[in-house]
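Trainee: Okay, here's the prediction I keep looking at, along with the sequence it came from:
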Amino acid sequence: MILILDFGGQYNQLIARRVRENNVYCEVHTALSFDKIRALNPEGIILTGGPQSVYEKDSLLPPIEIFKLGVPILGICYGAQAMTKILGGSVKPAEVSEYGKTEIELVGASKLFAGVEKKSVAWMSHTDRIFSAPENFSVTVKTKNCPVAAMENPAQNFYAVQFHPEVVHTVEGKKIFSNFVDICGCKRDWKMSSFVVDTIAKLKKKIGGGKVLCALSGGVDSSVAAVLLSKAVGKNLTCVFVDHGLLRKNEAAEVEAVFKNFDLNFIKVDASERFLEKLRGVVEPERKRKIIGEEFIRVFEEVSKKIGAVDFLVQGTIYPDVIESGLGKSAVIKSHHNVGGLPDFVDFKEIVEPLRLLFKDEVRQAGRELGLPENLVSRQPFPGPGLGIRIIGEVTAEKIKIVQEADAIYREEIFKAGVDKNLAQYFAALTNMRSVGVMGDGRTYDNAIALRAVLTSDFMTAEPAQIPWEVLSVVANRIVNEVHGVNRVLYDCTSKPPATIEFE
Ligand code: XMP
């Protein structure tokens, strides 16, 4: 196990993702005492980036004793600076702060950079920098503006990098993590097949003959969680599927059809009117999210009252939710409604979160291991607030219809053209913009639909996909012809960061 000590940086869960890619288990923790760290018995420690400056008075630093544990330590960005400060080097504001893709150059031999090109591109995001390395450290990488972009003490296996190897823009990043895992001597035996078998056995043992309730969204996470539970307890599991009316076209029926085939009780509730009512006049994205999340819980509450007392409540929480919601220091970019609002009204004894330790692609892998159909397992993620956050501004029934129809056309054409396989997420959104057009002989003043398609495996960073022009023009043509109220189609070619994947 590799322990990741989190100092609140935006990319921190990516670090865990990169470690897991090497079939090595890791955990992310914030502000752990040395005793707790020692009890976890990590084979290596990674100190993450963070928004603070190590020379601030109350800056969060790792316990000094970790440097005496005898395990390899890798400091990244703020983590590198924290290591520098603790071990006696110096950190100061950089003359030129670096942000974005930056050329790095190896200037010394290093196990951490084994097989890495002498010159490559890395992602930088810092205002402080290491000015002088601690004793017994040598500099291994420099950039134009950062003479100590990486340093190490190979005898003690202490490594520090100013750049972010976890971010996809760092070309050699994966190699760096793979090398670190080898330096730690990890066995690379964290496999999904054993995870599934172990989890079902654990759930059986824990739940016994108890009753279980699951809120099913039809998305990958809650579906995989539900199937894990159904394999463990069969009909003692009841799944409640709330249709908030913000689902994609035909989605509610599709979800129902899939779950009819599983050994569980399935209850579907159509609550679209209620959600629309609550959302009337609301334009602020975070308020929309909160309203949808809260209303979801209210509906669920009513259904669960009818079901009566249960022993366990299932949550499809996955590891990124755990990490994102567990931190005090990272800035809140968006609140994800499937965490946070626990339904405390439901009469249950305990929450079960069978996917709590998995990243999204690991959840899909678990789904495959469970024998779920590929179309469900590889389903693109769909946010809890649904189309509510793909309609910029106020949500109305008319706008939902527009975005549903446009999105269905987009997905159909993308699938037909066979380009869907490479895309992590693709959808249509309704902009809050109306513009002038001409149709037949008349002037129109109608809505603009935005199309988005991104490439990513972790959803923390993403690149816009290059959809073939022929496909886009068919989609645009069909949308303006077939969807009433749309006279313009735009394609979003922004990466994340600085944009996000969703529009709100
Ligand atoms: P962003 O827009 O933050 O999206 O780049 C990253 C991933 O998260 C999904 N997303 C959400 N999921 N509730 C959810 O359950 C939300 O409020 C929410 N907002 C974004 C988004 O679809 C993408 O996969």
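Mentor: Done, it's in. Residues are numbered from 1 along each chain as shown.
Trainee: Next, give phi and psi for the closest residue to Pro385 other than its chain neighbours.
Mentor: Using C-beta to C-beta, 6 or more residues apart in numbering and skipping residues adjacent in sequence, the residue nearest Pro385 is Ile292, 4.3 Å away. Where C-beta positions appear, they are placed from N, C-alpha and C, glycine not excepted. When read as degrees, to the nearest 10, the backbone of Ile292 gives phi -60, psi -40.
Trainee: go on, the one 3 residues further on?
Mentor: Backbone torsions of Glu295, given as degrees, to the nearest 10, read phi -70, psi -40.
Trainee: Distance of Thr396 relative to Ala429?
Mentor: 15 Å (C-beta to C-beta, to the nearest Å).
Trainee: Looking at these two now, which is surrounded by more residues?
Mentor: Ala429 (23 against 14; other C-beta atoms under 10 Å).
Trainee: helix, strand or coil for the more buried one?
Mentor: strand (DSSP: H, G, I helix; E, B strand; the rest coil).
Trainee: what pairs with it across the strands?
Mentor: Beta-bridge partners for Ala429, by DSSP bridges, are Ala450.
Trainee: likewise Ile45?
Mentor: Leu3, Ile73.
Trainee: Give the pairing partners of whichever helix or strand Arg488 is part of; include direction for each.
Mentor: Under the criterion of DSSP states H and E, Arg488 resides in strand 486-491. With DSSP bridges as the test, strand 486-491 is paired with strand 442-455 (parallel).
Trainee: CA atoms of the strand it pairs with as PDB?
Mentor: The C-alpha coordinates for strand 442-455 follow below in PDB (Å, rounded to 0.1, in the frame of the first residue of the first chain):
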ATOM      1  CA  GLY A 442     -38.300  33.900 -42.400                       C
ATOM      2  CA  ARG A 443     -36.100  35.200 -39.600                       C
ATOM      3  CA  THR A 444     -35.800  33.100 -36.500                       C
ATOM      4  CA  TYR A 445     -34.700  34.000 -33.000                       C
ATOM      5  CA  ASP A 446     -34.000  30.600 -31.400                       C
ATOM      6  CA  ASN A 447     -31.800  28.600 -29.100                       C
ATOM      7  CA  ALA A 448     -28.300  27.500 -29.600                       C
ATOM      8  CA  ILE A 449     -27.300  23.900 -28.700                       C
ATOM      9  CA  ALA A 450     -23.800  23.300 -27.600                       C
ATOM     10  CA  LEU A 451     -22.200  19.900 -28.300                       C
ATOM     11  CA  ARG A 452     -19.500  18.600 -26.000                       C
ATOM     12  CA  ALA A 453     -17.300  15.500 -26.300                       C
ATOM     13  CA  VAL A 454     -14.300  14.800 -24.200                       C
ATOM     14  CA  LEU A 455     -11.400  12.400 -23.800                       C
END
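Trainee: Tell me the secondary structure of the closest residue to the ligand within the stretch 1-150 of the chain, please.
Mentor: In the stretch 1-150 of the chain, the residue that lies nearest the ligand is Gln10 (11.2 Å; C-beta to the nearest ligand atom). Using three-state DSSP, the structure places Gln10 in coil.
Trainee: ok, now Gly281?
Mentor: Going by three-state DSSP: Gly281 is coil.
Trainee: distance of it from the ligand?
Mentor: From Gly281 across to the ligand, the span is 20 Å (C-beta to the nearest ligand atom, to the nearest Å).
Trainee: Spatially, and excluding backbone neighbours, which residue is closest to that residue.
Mentor: Glu394 (6.2 Å).
Trainee: And Phe7, by the same measure?
Mentor: Gly50 (3.0 Å).
Trainee: OK, contacts around the one you found?
Mentor: Contact analysis of Gly50 by C-beta atoms under 8 Å, 6 or more residues apart in numbering lists Asp6, Phe7, Gly8, Gly9, Leu60, Cys77, Tyr78, Gly79, Lys329.
Trainee: per-residue confidence for the closest residue to the fourth one other than its chain neighbours?
Mentor: So that's Gly9. Of all residues not flanking Gly9 in the chain, Gly49 sits nearest, at 3.1 Å (C-beta to C-beta, 6+ apart). According to the prediction, Gly49 has pLDDT 94.
Trainee: now swap in the one 4 residues further on and tell me
Mentor: Each residue has a pLDDT score; the one for Ser53 is 94.
Trainee: all helices for the protein, in order.
Mentor: Remark: helices assigned in the chain by DSSP state H are 12-20, 34-40, 78-86, 173-184, 192-207, 220-233, 251-259, 272-279, 285-307, 319-325, 360-369, 374-377, 397-416, 469-482.
Trainee: mind putting these in CSV, mean neighbour count, distance to Glu65 and mean pLDDT included?
Mentor: Converted to CSV, the helices of the chain look like this (neighbours: other C-beta atoms under 10 Å; distance: least, C-beta to C-beta, whole Å; pLDDT from 0 to 100):
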stretch, mean neighbour count, distance to Glu65, mean pLDDT
helix 12-20, 25, 22, 89
helix 34-40, 13, 4, 97
helix 78-86, 26, 10, 97
helix 173-184, 21, 18, 98
helix 192-207, 15, 32, 92
helix 220-233, 24, 38, 94
helix 251-259, 17, 51, 87
helix 272-279, 17, 52, 97
helix 285-307, 17, 41, 90
helix 319-325, 19, 24, 71
helix 360-369, 20, 32, 91
helix 374-377, 14, 44, 83
helix 397-416, 19, 53, 97
helix 469-482, 16, 57, 98
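Trainee: Since that was my last question, I'll sign off now.
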